[in-house]
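J.: sequence plus the predicted model coming up.
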Amino acid sequence: MTTDACSGAAASIPPSKWPASRPSFPRGICCGRRGVDVSVLSKIEASLRGRRRPHPLFQTFPRYIDSSRLVSEFPSMKRFLVASTALVLPLGAAEPLAFNRDIRPILSKTCFTCHGPDAAAVKGELRLDIRERALKGGESGTPAIVPGKPEESLVVKHITSKDPDEVMPPPEAHMKFTAEDAAKLTRWIREGAGYEGHWAFQIPKKASVPEIADASPNPIDRFIAAKLKAENLPFSPEADRPTLIRRASFDLTGLPPSPEDVKAFVEDPSPNAYDALIDRLLASPRFGENFAVGWLDASRYADTNGYSIDGGRDQWIWRDWIIKSFNDNQPFDQFLTEQLAGDLLPNATEQQIVATGFSRNHAITHEGGTIPEENLTNYVADRVKTTSETFLGLTMACAQCHDHKYDPITQRDYYRFFAFFNTLGDAGLAGDRGVNAAPSIQAYSCLATLGEAENVTIERQNAQEAYSVPIPEAQAKWEADQRADLAQRGKDLALTPLEVISATAPNGSPDRIKIQPDQSVTIAGGDFAAYNILTKLPVGGPPIRGIRVVFSPSDKSMGKLGFGKAKGLEGNFLLSSITTSVSTFPAGNVDLNAILPVSRLSASGEQPGFEPRKALITDPLVGWAPPTGSSEPQHLTLTFTTPLQPSATPYLTTEILFNYGQNASPARFQVFAISGNDDGSPHPAAITDLLVADPATRTPEQATQLRDYFHQIAPEKAGLRSQIENLTERLSMLTEKHQVLVMNTAPKPRVTHILNRGVYSSPLEAVTPGSPSVLPPLSDDPSFDKTTGSFKDRPANRLDLARWLTRPDHPLTSRVAVNRLWEHFFGRGLSASSADLGSQGQWPSHPELLDWLAVDFRENGWDRKRMIKLILPSRTYRQSSKTTPELLAKDPRNELLARGPRFRLSAEQIRDQALATSGLLVERLGGPSVKPYQPGDLWRQVSHYGSSPATSQTFVQDHGEKLHRRSLYTYWKRTLPPTNLSTFDAPNREICSIGRLPTNTPLQALVTLNDPQFVEASRALAVKLLGTSYPSDRERLAAGFLNVTSRPPVEAELATLESALKRERQRYQSDEASARELLAIGEAPTAPVAPLIELAAWTQITSTLFNLSETLTRK
C-alpha cells in the first residue's frame, strides 16, 4: 500500500509503476537541517536515477513513495519521515490543513505586504487575501492558485524558484518561504485551497463541552483534556498546598502569603479549603491593586506628560478609580463604557467622568516650536491605538497612513474610528508648570472613606504631640555646637573672585548673558531658569572651603533697579537650587556624578520661609530668597564638606537654578572662592541672635521659638516630621478634591478628515464616526443608516462606540478580555499574541475553549471574578509546574497545558514581596504617587532641568511611609520610569503596552542585591527574625526561608544557610566598618535586637533569601 503524497489518498501503486522521475534533494533541506546522512541520499537518488524530473516543489521528496520500503532499506530516513513527510505526505487519517490555523499566518508573514489588504500597496494587481482574486491572478492573467493543482499554481512556482528574478518574496524583501511553509502551502492547494474568514472576526460560538471519561466537571479541564488525549498526554499531578497558596496569592493579590496563612491552609482538612482561599483573596483590597498594574500599562498611565520636557501632571484620581473598579468587580462592559464614554452617560456622576481619564492618559506637550494641530492629531491617534489594542486586540494604528497591510482595515475605517475621539475640547499646547491640560476636573478619590479620614486625623494628632515633646539633651548639645561654630565666624575669611570662562543658560540666547570686566555675570533680558557658570580656581593658595555667590542691585542701564526682574516684585528672585562640581578640564556643565557635597549654607539675609538651607532641597517651589527692600548686595555661601585642593581639578562649574516663575531670576551676580571660615550663619538672623546670647536671658517665648526651630532641623525628629507631612497629605487625599484629566465634547467639535499619508496638514475627504467595515455595524437602531454609518439625527459618539464594543455579536471584545485574563494566570494567552488578534496574530492553542470562555463571559454579565472562580479551581490551573525531559521536548512552550505554568514574578511583585515579607509594606489604599529610593538624581540627566519652570525635572525623594508603599503607587516619569521596575521589564508607558516581554540580565541581580529598597528590606527582615524568640539559628533560618519562599527548607538548604551565616559572622568580625555601612542603608529605623556584627550577618542571609530563584519565580 502506498500513499499519494499530495492528496493523502491511499493508492495501490507498486514501485514498478512509479512515474519516471528523478527527484533532487537539495542539501539545505535534506542535510544538516533534517539530520539525514548524505550517503543515504546518494543511495536514494541512485535507486531513482533516470526518471522524469517533477515540479520544483517535489524536489524535496518524490511524489509517490512506498514509505515502508524506504524505511526498511534506509533506516536513517525514519526521523526524516516523521519530521517532514507529515507535512508533505500525510497519511489518509491526517487532519486537513485549516486556512486560519496553517495558511493565513504564512501568507500574512511573507505575502500580504505586497499582496494583501492594503490596496494602494498591491503589486502586480494580485491579492492573496481574497480567494476570488487569488484564483483570478494578477496582471499576467495566470491564476496564482489553482485549487487541487499546485503544479499549475503560479504562487508555488514563485515560492520554490531558485531564480532571484523570479522567486517570491524577492531577495530585497529579506524574507523567504521555508521548506516547511512551502510544503504546507502546496498541500493546502492540493486539498482545494479553501479560504476562511479570519477566525477572530467570526462571532464566537459556545461549542459543546467535550465528553471525557474521568475528567473534571470543570469545562476548562474538559477542553484541555481533549487536546491532551489527542496528544497522548496526561495532566500533571496537582501542586502541593504551599505552592498552591503562593501561586494563588501572587496571581490574585500580587503579594506572598504570610507564614500564618500558609500554615492554616496546609493544615485545613476541609474539602472547601481551596475555594475558601480563593474567595478570601478575591475579597482582599490588594486584588484591585494587583490587577490595576496591567491596566495601567495598557492605558499608558503616568504621572508626567511625556515628550522632551516631561513635566508633571495629576492623574492618580483615575488610578484610584481603576483599583476600586477591580475590587468592586464592576462588570467589564460597564468598566469599558465608563472609561470610553462616562461623560456621555445620562446624568453622569463625578466618578463616571473620572473614568474617562483612560482616553487622556496619553503624552501631552507644551514645548515651544511644536505645531498645535499636529499635536492634536498625535493625541487622537494615540487614543485610537490604545482603544483598538486594549479592547479589540487590533493594530489599527497601522492604517493611519494607508490601508492596513495585513488586516481588512482601510484608511477610511481608521479615520472614522479616529473621529470618535476628535471631538475633545483640548489644546495642542498645554500641561505646563504641573497644571493639568484641559479638560480637567476637580474630583474626590473614590477610595476615600470617612472612617479612614477619622483614623488618619487621630494618627496625625498623636504624631504632632510626639513631635512637640522636647528633647533637651539633644538640643543642648546642638546649641553648644552652634555657638562654637558661630564663634569661628569670619576667622581668616578671604574672598577671591573667580575667573569666568563661560556663562550659559539652557535654551537661552548667548548674546543676552554677558561676562563683565570685574567677572560678574549680567543678564540683559530673557526669562532663563538656570545658569551654568564655568570658572577657573586659583592654584597654589590655601584650600578652598566653599564658594559665595554675590547678587548686586542692577542699574538703570539694565532697564530697572533691584536684584531681580520679577514682575510686580521689584528686586525679587528665588534661588531654587545650587550645585557645584570640579573637573580637570573645562566642562561647562555640572557633572551630576561628581557634585560636591555641601555641609552648610548661609546667607546675608532671607525672606521668611525661604531660608538658605532650602536651596539644597531641589524643589522648584522652595529655595532661598533675599530680603526685599535692601539696596546692599546680598550673598549665598556654600561650605564644602571637604575643602578643595584645586591643583588637580582647577575648573569649577556652578549651576544656579531660578525656577519659581516668570522673570524670577537675578540681573547681576558674581562667584567668589572662600578660604577660612564663613562669616555668615546657616540660621535665620533671629535664631542666630538667640544662639549667641546668654541662654539665661531668654524669655519663654524665645525659648519656645528656639525649640521649635531645633525641632524643624533635628535628626531625632526627622521621622516624626515625615510622618506628619505624609499624614497631612493623606488627609488631603481623603477629604479634598484633586485635579484629574478627563474627556468632554467641545461646543464645536473638530471636523475629521482622512489625512493623506497620515500628515496632519494634508486633509482629504471629511468623514463621520464609524466602525471598521469588517466588523458588525455600529448600531441596529432603526435611526442608524448602515450605508452612511451615521444616525439620521446626529453623528455617532463615544457612547455608541462603547455600546458597539459590548454588543452580543461583537467578535473581538469578549475574546480579547478572556484571552488576557488567561494570560494573567498562565503566562501566555490561549492566543499567545494577546496584543494582536489580527492576521499577524497567533492561532489559538485551544480555539474552542477560547470561544467558549468568551461567550460564557458575556452571557454571565461580563463578570471577571466569576471567570476567575472558573479558572483557578480547574485542574489545569492547579497542576504542578514540574516537568520532564520528555514533556519539555514535546511541548517546550507548554501550549498543551500538560503542566502548570512557571514564570518570573512581575517587577512590582518582586519589590512588593520584599516589602511585605520584611514587614515594611504600608498597605494604605490609593492616593498620590510616591517617590521611594532612586539611584542619584537621574531625572536631571534626562530632563530639561533649568530650561523652564516645568515640574518633575529633578528627583526629590520622599521619606517615611511613602518609601514603603506598593509599587503601583510609585511616581511614573515616562522618560525615566522607576529604575528598579524598568530593570525587570516594566514599560515606560509612553504608549499602550499589552503584556511585558520578560528578559534576564545581570542588572536584575544587581537590583535585588544592591538597591537600597532591597538592602533595607533585608535588614528589616533580619531585625524581624532576630527580634523573635527562636531556640537556635536553624529554627530562625527555617523561619526566614518559610517567610520568603512560602515553604519550609529541606536539610541541604538549611545546611547551606548555616554555613553562609557562619561565614558572614566571621567576615564582619574583621570588618566592622563594612557592617556599619551596610546597616546604614535605608531610612527604616532599626530596633536594637542584636549587636552590629550579628545584624549585618543576618542581613546578608536574608538578602540571599530574597535573591533565590524560587523567591523571584511564580511556579
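T.: That came through, no problem. Numbering: from 1, shown residues only.
J.: hang on, isn't Gly357 packed against Gln315?
T.: Yes. Here Gly357 reaches Gln315: they are 6.1 Å apart, a contact under Cβ atoms under 8 Å. From N, CA and C alone the C-beta is placed, and that goes for glycine too.
J.: now do the shared contacts for those two.
T.: Shared contacts of Gly357 and Gln315, defined by Cβ atoms under 8 Å, 6 or more residues apart in numbering, are found at 740-741.
J.: packing partners for the helix or strand where Ala341 lies?
T.: Per DSSP states H and E: Ala341 is located in helix 332-341. For helix 332-341, the packing partners by 3 or more Cβ pairs under 8 Å, 6 or more residues apart in numbering; DSSP states H and E come out as helix 350-355, helix 798-805.
J.: so it versus helix 798-805, what angle?
T.: With axes from the mean of the first three to the mean of the last three Cα atoms, to 10 degrees applied, the angle from helix 332-341 to helix 798-805 works out at 150 degrees.
J.: and Leu495, what does it touch?
T.: Contacts of Leu495 by Cβ under 8 Å, 6+ apart are 548, 672-674.
J.: just flag the most distant two among those.
T.: Put simply, by Cβ to Cβ the two of these set farthest apart are Arg548 and Ala673, 8.0 Å from each other.
J.: more neighbours, those two?
T.: Arg548 (25 against 22; other Cβ atoms under 10 Å).
J.: in this structure the more buried one contacts Pro633, no?
T.: No. Judged on Cβ under 8 Å, Arg548 makes no contact with Pro633 at a distance of 10.6 Å.
J.: burial count for the spatially closest residue to Asn726 that is not a sequence neighbour?
T.: Here the nearest residue to Asn726 in space, its sequence neighbours aside, is Gly960; by Cβ to Cβ, 6 or more residues apart in numbering that works out to 4.9 Å. As a burial measure, Gly960 scores 21 neighbours (other Cβ under 10 Å).
J.: where does the nearest residue to Phe291 once chain neighbours are set aside land in three-state SS?
T.: Closest residue to Phe291 apart from its sequence neighbours, by Cβ to Cβ, 6+ apart: Phe326 at 4.5 Å. Phe326 falls in the helix class when you classify it by DSSP: H, G, I helix; E, B strand; the rest coil.
J.: and what of Gln464?
T.: Taking three-state DSSP, the label given to Gln464 is helix.
J.: OK, contacts around it?
T.: Taking Cβ under 8 Å, 6+ apart as the test, what Gln464 contacts is Ile724.
J.: verify the stated contact: Arg966 with Ala916.
T.: No. Counting by Cβ under 8 Å, Ala916 is not a contact partner of Arg966; they are 9.1 Å apart.
J.: ok, back up a step: same list (the helices and strands packed on helix 332-341) but as TSV, adding mean neighbour count, distance to Val469 and mean pLDDT.
T.: Formatted as TSV, these follow (neighbours: other Cβ atoms under 10 Å; distance: least, Cβ to Cβ, whole Å; pLDDT from 0 to 100):
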stretch	mean neighbour count	distance to Val469	mean pLDDT
helix 350-355	22	42	99
helix 798-805	22	57	98
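J.: what's in contact with stretch 125-134?
T.: Identification of contacts with stretch 125-134 by Cβ under 8 Å, 6+ apart yields 107, 111-112, 115-117, 137-139, 143-145, 155, 193, 195, 408, 839.
J.: identify the residue nearest the residue positioned nearest the centre of the chain in space, chain neighbours excluded?
T.: Central residue of the chain (Cα atoms, centre = their mean): Pro987, 2.6 Å from the mean position. Nearest residue to Pro987 in three dimensions, chain neighbours excluded: Ser993, at 4.0 Å (Cβ to Cβ, 6+ apart).
J.: burial measure for the one you found, as a count.
T.: 20.
J.: how close does it sit to Ser299?
T.: 9 Å (Cβ to Cβ, to the nearest Å).
J.: Ala766 now?
T.: 30 Å.
J.: these two - which one has more neighbours?
T.: Taking neighbours as other Cβ under 10 Å, Ala766 and Ser299 compare with Ser299 leading, 25 against 11.
J.: test for you: state the pLDDT assigned to that one.
T.: The model reports Ser299 with a pLDDT of 98.
J.: ok, Ile458 next?
T.: If you check Ile458, the pLDDT there is 97.
J.: and Thr649, by the same measure?
T.: The model reports Thr649 with a pLDDT of 88.
J.: make sure it is indeed in a strand.
T.: No. Thr649: not assigned to a strand; according to three-state DSSP it is coil.
J.: counting neighbours, what do you get for the closest residue in space to it that isn't next to it in sequence?
T.: Excluding the flanking residues, the one nearest Thr649 by Cβ to Cβ, 6+ apart is Val582, at 4.0 Å. Neighbours of Val582 under the rule other Cβ under 10 Å: 20.
J.: do the same with Glu373
T.: 12.
J.: element containing it, please.
T.: Per DSSP H and E: helix 372-387 holds Glu373.
J.: do the same with Leu638
T.: strand 634-644.
J.: quick one, what contacts Lys227?
T.: Contacts for Lys227 (Cβ under 8 Å, 6+ apart) come out as 845-846, 896-897.
J.: how about those residues, which pair is most distant?
T.: Greatest spatial distance in those: His846 and Leu896, 8.8 Å, computed using Cβ to Cβ.
J.: those two: who's more crowded?
T.: Per other Cβ under 10 Å, whichever of His846 and Leu896 has more neighbours is His846, with 20 against 17.
J.: the more buried one against Gly829, yeah?
T.: No. Applying Cβ under 8 Å, one finds His846 not in contact with Gly829, separated by 10.5 Å.
J.: look up how far Asn327 lies from Thr639.
T.: Taking Cβ to Cβ, one finds Thr639 at 52 Å from Asn327.
J.: same thing with Leu963?
T.: Leu963 is 25 Å from Asn327, by Cβ to Cβ.
J.: so the residue nearest to Arg460 when sequence neighbours are not counted is in which element?
T.: Nearest in space to Arg460, with sequence neighbours left out and distances taken as Cβ to Cβ, 6+ apart, is Leu727 at 4.1 Å. Using DSSP H and E, Leu727 maps to helix 718-735.
J.: buried set for that helix?
T.: 719-727, 729-731, 733-734 (16 or more other Cβ atoms under 10 Å).
J.: circling back: what packs against the helix or strand hosting the residue nearest to Thr649?
T.: Taking DSSP H and E as the definition, Val582 sits inside strand 577-583. For strand 577-583, the contact count by 3+ Cβ pairs under 8 Å, 6+ apart identifies strand 634-644, strand 651-657 as packing neighbours.
J.: who's in contact with Arg965?
T.: Each residue near Arg965 by Cβ under 8 Å, 6+ apart is listed here: 922, 924, 930, 932.
J.: Throw the contacts of Leu495 into a markdown table and include secondary structure, pLDDT and distance to Leu486, thanks.
T.: Formatted as a markdown table, those follow (DSSP: H, G, I helix; E, B strand; the rest coil; pLDDT from 0 to 100; distance: Cβ to Cβ, whole Å):
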| residue | secondary structure | pLDDT | distance to Leu486 |
| --- | --- | --- | --- |
| Arg548 | strand | 96 | 18 |
| Phe672 | strand | 96 | 21 |
| Ala673 | strand | 95 | 22 |
| Ile674 | strand | 95 | 17 |
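J.: from those, which is closest to Thr618?
T.: Closest to Thr618, out of all of the contacts of Leu495 and judged by Cβ to Cβ, is Arg548, at 20.3 Å.
J.: return the residues in contact with the closest one.
T.: Neighbour list for Arg548: 495, 635-638, 671-672, 674 [criterion: Cβ under 8 Å, 6+ apart].
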